[in-house]
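Chemist: Model the following, please.
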Amino acid sequence: MCRNIKTLYHFEPPATEDEVRASALQYVRKLTGLKSFSKANRAACEHAVEHITEITMELFGQIEPHGPPRSRDVERKKAIERGKKREEQLRARVLREMA
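Modeler: Down below sits the predicted model:
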């Protein structure tokens, strides 16, 4: 999955439609391999983004949550820790390869 697409469901405060649209845009870009949309493809891609946004918002309204809502701060801290761990692993691997 594209790393720019983040979990948006069951947060407090809830994800906004703009956040969902941004993820839908990343999804369409990833699937099509297009960084930006040409005039010839713009309408189709924008339609897909809008449709995915609409379906996702509908899905969020229908899913029954389990457990308390997630905290954006807690999830951000977890992501930072995962990034630090990946960086440490990469540095260790580079040092092993250099030795």
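Chemist: Can you show me the helices along the protein?
Modeler: 17-32, 39-62, 72-98 (DSSP state H).
Chemist: Point out where this structure drops to low pLDDT.
Modeler: 1-4 (pLDDT under 70).
Chemist: Show me it divided up by domain.
Modeler: 1-68, 71-99 (automatic domain parsing).
Chemist: would TSV of the ones you listed with mean neighbour count be doable?
Modeler: Backbone N, C-alpha and C define where each C-beta goes, glycine included. Output for the domains of the chain, formatted as TSV (neighbours: other C-beta atoms under 10 Å):
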stretch	mean neighbour count
domain 1-68	13
domain 71-99	10
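Chemist: before we move on, back to that, closest to residue 11 out of the helices of the chain?
Modeler: For these, the distance to residue 11 is smallest for helix 72-98, at 5.9 Å, taking C-beta to C-beta.
Chemist: Which secondary structure elements does the closest one sit against?
Modeler: With contacts taken as 3 or more C-beta pairs under 8 Å, 6 or more residues apart in numbering; DSSP states H and E, helix 72-98 sits against strand 11-12.
Chemist: Strand partners (parallel or antiparallel) of the strand it packs on?
Modeler: Sheet pairing of strand 11-12 (DSSP bridges) gives strand 70-71 (parallel).
Chemist: I'd like the distance from the strand it pairs with to the chain centre, please.
Modeler: 16 Å (C-alpha atoms, centre = their mean, to the nearest Å).
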